[in-house]
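Novice: Give me the fold of what follows.
(2 chains)
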There are 2 protein chains.
Amino acid sequence: MNQILRVDMTTGRCVFQPRPAPLSGLGGRGLTSALTALETPAAAEPLGPRNRLIFAPGLLGGTNCANSGRISVGAKSPLTGGVKEANSGGQPGGHLARLGLSALIVEGQAPDGELQILEISRDGARLVPSTVTGLNNYPAAEALQARYGPAVSLILIGRAGEMRLAASSVAFTDVSGAPTRHAGRGGLGAVMGAKGLKAVALDPTGCPNPPLRDPEAFRRAADRFVAALKSHPVCGGSLAEYGSAAMMGLFDEAGALPTRNFSSGRFERAEALSGERLRALTEERGGQGRIRKGCMTGCVMRCSGDFPDVHGRLVGKWPDFETLWSFGPNVGVDDLDAVARFGRLCDDLGVDTIDVGASLALLMEAGVLPFGDAAGALRLVEEIGQGSPLGRLVGSGAAVVGKVYGLRRVPQVKGQALSAFDPRSVKGQGATFATSPQGPDHTAGLSYAANLLAAGGDVDPLQREGQADLSRRSQVMAAAVDALGLCLFVSFAFFDTPSALEAVADMLNARHGWSLTVNDLETLGEKILKIELAFNRRAGLTEAADRLPEFFASETSDVHGSTFDLSEEELDSVLGDLKGRDLTKDAD
Amino acid sequence: MNQILRVDMTTGRCVFQPRPAPLSGLGGRGLTSALTALETPAAAEPLGPRNRLIFAPGLLGGTNCANSGRISVGAKSPLTGGVKEANSGGQPGGHLARLGLSALIVEGQAPDGELQILEISRDGARLVPSTVTGLNNYPAAEALQARYGPAVSLILIGRAGEMRLAASSVAFTDVSGAPTRHAGRGGLGAVMGAKGLKAVALDPTGCPNPPLRDPEAFRRAADRFVAALKSHPVCGGSLAEYGSAAMMGLFDEAGALPTRNFSSGRFERAEALSGERLRALTEERGGQGRIRKGCMTGCVMRCSGDFPDVHGRLVGKWPDFETLWSFGPNVGVDDLDAVARFGRLCDDLGVDTIDVGASLALLMEAGVLPFGDAAGALRLVEEIGQGSPLGRLVGSGAAVVGKVYGLRRVPQVKGQALSAFDPRSVKGQGATFATSPQGPDHTAGLSYAANLLAAGGDVDPLQREGQADLSRRSQVMAAAVDALGLCLFVSFAFFDTPSALEAVADMLNARHGWSLTVNDLETLGEKILKIELAFNRRAGLTEAADRLPEFFASETSDVHGSTFDLSEEELDSVLGDLKGRDLTKDAD
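Specialist: As a prediction, the model looks like this:
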């Protein structure tokens, strides 16, 4: 796993190269961000030929480590204008690792309108003309699975990515071969579409897992890690029982559940969208419904599932919490069937449920349709695929919709929509939304854990004190976890069970022959943030972009009477010590 | 003329204040930019209550100096995110000066949906509820002129500004009371709409011109200035004969006339849109048609007119060159009647013809309608007023349209559309488009004069050498001219007739009791640019924003085979010596 595959869409050339020495010790987000910083000119237009689209499994990718199969996608983002990494479950992360690839770099640009499919197997790589152009993810995946067989996993884009809409996602097939897993945020599907790449077919046939330097030590550490996950009340408990939907009640209780475009912190019908309800309905309907389904091989939390309709027929994957929120409280809808349909539509079109849901909420605020109009909102999502002006707007994300409708309350930072936290009620998360080089992602740092669960610290969510430091710690840990290829949910175990993090260090050492300590993982996270911050600086993102919208400071939370009142100085201090030098050449 | 009127839209209070001492010596753009820097937080949202909308006549405003009645409008721009000044002819500039106001500052924000009219006379100022809400500029102006009488001039916004569309203009009534003059660029109409201000009615009754410190010296200098203008081949010749449309042939000849969304530098039917044709058709049709009409009292160039339809009925003002271009070559239309209709529609809705024309060209590139489809394009402009999704997109400007349609060739810088120069063929102008703190305005610096007319220097338009210095000089002069309230076209006389600039310095001294030299005017221009650059820096605009779109470097001009090849270092050198310090407090 020390090779890089470089694919030039302009010339069609596919070249396997040794992994450059300066990139040793990096994987996942560490590798995508370092490669972006090294290879993509900071001034490059996100949808132009100079941008690179990079895929990388984590440092534990392809091993039997639990929950280690995430795949990172990186590029300069068409939404934020800065470096972006979005990672996903599904099978391609593990397959890339088994194919011996630490990264796949897609550069250049096919002529406008031409789409290709990249085939990768142990025999090599080649581009072939797309046979599924114009198809959305589900029919495209079905056609490609039929062609390539069930062993092959897919990376692909739907109509939204083909149209280069700024909220487009990159889809990955799951253990069932369905395109249910997405690198949703930052518009990376638009970058893939702009490159002219419709799909990547990964055939790991004949490729064993990458070698371990100390298999026995690895096995022992892996067992300890699994035990820690399984015994943890979140990782082995609520998440496993109810999926990420378990958070619905927690956030509602905390008055931090953004409702009707962030105009309230509680949703009066949150119960109808709870994890308990999701599970009960799935079990009650039976049929193709399924609970406790992992999103990738090796998952021990298994927080996903399949959602059935009233006849027991499959609608799509269990909506995760962010999707339940974005088509639930944030648009005033309490209908699980409508949310599941929304999730399926978004997965099919290949768009980010968060930015698209935020777009819908803004159109409701603008009076285009009323809050709570699930059917009307679903029709708007369908319009994305039709390429109508309104559909394109919805697929371009909340910041654009807010601008075109001249709105005052637009919950976005750096052009990307906020995910499901009200910053006035969980100020640590607000600090992370403001300052993350990735824009306001729920995955940029789990600051809410210390704010709401006393996990990884205990910081009053309504006070200013301690939020900057909490945000920094959260962001460093998230960056490290993203570099390992681990599911971010394992962080809950890290917060409470120090031995879980030690087990991870032990696995890294046993896999690569390193001698890392837990502290080195923190250093890894800091290094990644440094690289990202330096790229963003060169791309023109300054502290002025590290601010929340004004209405979070001028409108009080209806639950707590609070505003987001961290000062500019406090926000600038969050990652201040990681800025200031151009670390382009400092990736080693 | 040493008072400032401050209007708080939140409270409805109107307060006259003395002009702060640090702002002495500044007028027009100097004053709007300095006030923006001093009063608007750099992080303020352009459409939020913290932004200020500022109006200011120039330093020679209200005098009998020829062409000195321009009015500057300033704010943080919703298009560029930086400081913006757009100035306009019409009567309000002179009226503000006669009312003794060196600036009108509009701050705060009326409740959403409420629109007010600001009445100003020698008796004071007050806000009254709008009686013309929902009306476009022509019917609104007619209703308000009927109410306030013919002596009153108006500043107003149409439907686009009410909808807070980012390409909205601010309209000013002309000598006939029609809303034909516009501060078009930067979306300042959206700021006015966001404030909740529909119109300002200025009644100068009983207000004499501001006093002169040395009336006799002023008269002598004013006469010299008029003589210089009248004897100049551009100011007193081609502009007066054919309007700014005189440039059509020049730019086409130079291969610098952007055609069909900048895909060619020449338009095969440019002749049909020439100044000669415009004048001949106007004279031939007669009726309400009129040539040589000044846009404000005191104009000696009189480059405008009234355009009649085939029956001699008034369509609207003579389209100026940028409008002729934006709905002509850039969308592949050669029909003067269609262009005049476009100009009228844009004036009525209150939108910038440049950004709207660029939006239309992009929709043609996207295949929404074919190049050359004048009727279809006019229907899209009409949709702006209807608030349809596509209409709102067109009214949001080219950068947004380019994003929503996922286009690769989007001629914009800092979110604002380029005006009518191909940067590959007039590289000095390209350098100005890239680096001006105002975004790519044709008025940010007349670099093309030295590139194409050997006026104000002689720099080969296709070479890199000398463009950076030319751009700097052009921008400094433009900033100074904008501070004086002079029409930028007088620059042509400045280039060729040093005594014209001396006459201006003499008038300033005779008006204000100063002792400026011509060199001090250069210093004034530099000071304004410094203030603007420092504000932009704090607002988050770095050198990364001072770049032209990639396609100008990757696609060659079809006329010259050239690309825009100034290096990043050359671009950074243009205004490099004016950057680097935060000059917020350095406005004195």
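Novice: make it CA atoms for all contacts and neighbour counts henceforth
Specialist: Will do.
Novice: Would you mark the buried spots in the helix or strand harbouring residue A:35?
Specialist: Applying DSSP states H and E as the criterion places residue A:35 in helix A:28-39. Using 16 or more other CA atoms under 10 Å in any protein chain shown as the test for burial, helix A:28-39 gives A:28-38.
Novice: go on, stretch A:463-483?
Specialist: Quick answer for stretch A:463-483 (16+ other CA under 10 Å): A:463-464, A:466-483.
Novice: can you tell me which of those are in helices?
Specialist: A:467-483 (DSSP state H).
Novice: and chain A, which residues reach chain B?
Specialist: Contacts of chain A with chain B, taken as CA under 8 Å from any CA of the partner chain, map to A:43-45, A:47-48, A:163-166, A:389-390, A:392-393, A:396, A:400, A:403-406, A:408, A:538-545, A:549-550.
Novice: Looking from chain B, tell me which residue of the stretch 101-250 of chain A is nearest.
Specialist: residue A:164 (4.9 Å; CA to the nearest CA).
Novice: can you tell me which residues contact that residue?
Specialist: Applying CA atoms under 8 Å, 6 or more residues apart in numbering or on different chains, we find residue A:164 in contact with A:47, A:189-191, A:193-194, B:405-406.
Novice: swap in residue A:414?
Specialist: A:79-81, A:439-440, A:545-546 are the contacts of residue A:414 under CA under 8 Å, 6+ apart.
Novice: Just name the closest of those residues to residue A:97, please.
Specialist: Distances from residue A:97 to those, taken as CA to CA, are shortest for residue A:439 (27.9 Å).
Novice: And what about the closest one, helix, strand or coil?
Specialist: Here residue A:439 is recorded as coil under DSSP: H, G, I helix; E, B strand; the rest coil.
Novice: Look up how far residue A:346 lies from it.
Specialist: Counting by CA to CA, to the nearest Å, the gap from residue A:439 to residue A:346 is 21 Å.
Novice: got the angle between the longest helix anywhere in chain A and helix A:28-39?
Specialist: Ranked by residue count and defined by DSSP H, the top helix of chain A is helix A:518-538. Using axes from the mean of the first three to the mean of the last three CA atoms, to 10 degrees, the inter-axis angle of helix A:518-538 relative to helix A:28-39 is 40 degrees.
Novice: Mind listing what's buried along helix A:518-538?
Specialist: Quick answer for helix A:518-538 (16+ other CA under 10 Å): A:521-522, A:524-538.
Novice: tell me what that helix is packed against?
Specialist: If you count contacts as 3 or more CA pairs under 8 Å, 6 or more residues apart in numbering or on different chains; DSSP states H and E, helix A:518-538 packs onto helix A:28-39, strand A:83-88, helix A:467-484, helix A:498-512.
Novice: That one: what's the following helix or strand?
Specialist: Downstream of helix A:518-538 (by DSSP H and E), the next one is helix A:551-554.
Novice: Off-centre distance for that following helix?
Specialist: 27 Å (CA atoms, centre = their mean, to the nearest Å).
Novice: How about stretch A:427-437?
Specialist: The answer for stretch A:427-437 is 16 Å, by CA atoms, centre = their mean.
Novice: cool, and stretch A:165-177?
Specialist: 11 Å.
Novice: Equivalent analysis for stretch A:54-62, please.
Specialist: The answer for stretch A:54-62 is 14 Å, by CA atoms, centre = their mean.
Novice: same thing with stretch A:20-27?
Specialist: Once both centres are worked out by CA atoms, centre = their mean, stretch A:20-27 turns out to sit 23 Å from its chain's centre.
Novice: Ok, stretch A:155-174 next?
Specialist: Centroid displacement of stretch A:155-174 relative to its chain, using CA atoms, centre = their mean, is 13 Å.
Novice: for the helix holding residue A:35, packing partners?
Specialist: Helix A:28-39 packs on strand A:53-57, strand A:71-76, strand A:83-88, helix A:467-484, helix A:518-538, going by 3+ CA pairs under 8 Å, 6+ apart.
Novice: just the CA coordinates of the fourth one, formatted as CSV?
Specialist: Once side chains and other backbone atoms are set aside, the C-alpha atoms of helix A:467-484 remain, and they are given as CSV (Å, rounded to 0.1, in the frame of the first residue of the first chain):
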residue,chain,number,x,y,z
GLN,A,467,-15.2,26.7,24.3
ALA,A,468,-12.2,27.8,22.3
ASP,A,469,-10.0,25.2,23.9
LEU,A,470,-12.6,22.5,23.6
SER,A,471,-13.1,23.3,19.9
ARG,A,472,-9.4,23.0,19.3
ARG,A,473,-9.1,19.7,21.0
SER,A,474,-12.2,18.4,19.2
GLN,A,475,-10.9,19.4,15.8
VAL,A,476,-7.4,17.9,16.5
MET,A,477,-9.0,14.6,17.4
ALA,A,478,-11.3,14.6,14.4
ALA,A,479,-8.5,15.2,12.1
ALA,A,480,-6.5,12.3,13.5
VAL,A,481,-9.5,10.0,13.4
ASP,A,482,-10.1,11.0,9.8
ALA,A,483,-6.5,10.2,8.9
LEU,A,484,-6.8,6.7,10.3
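Novice: Cheers, nothing more for now.
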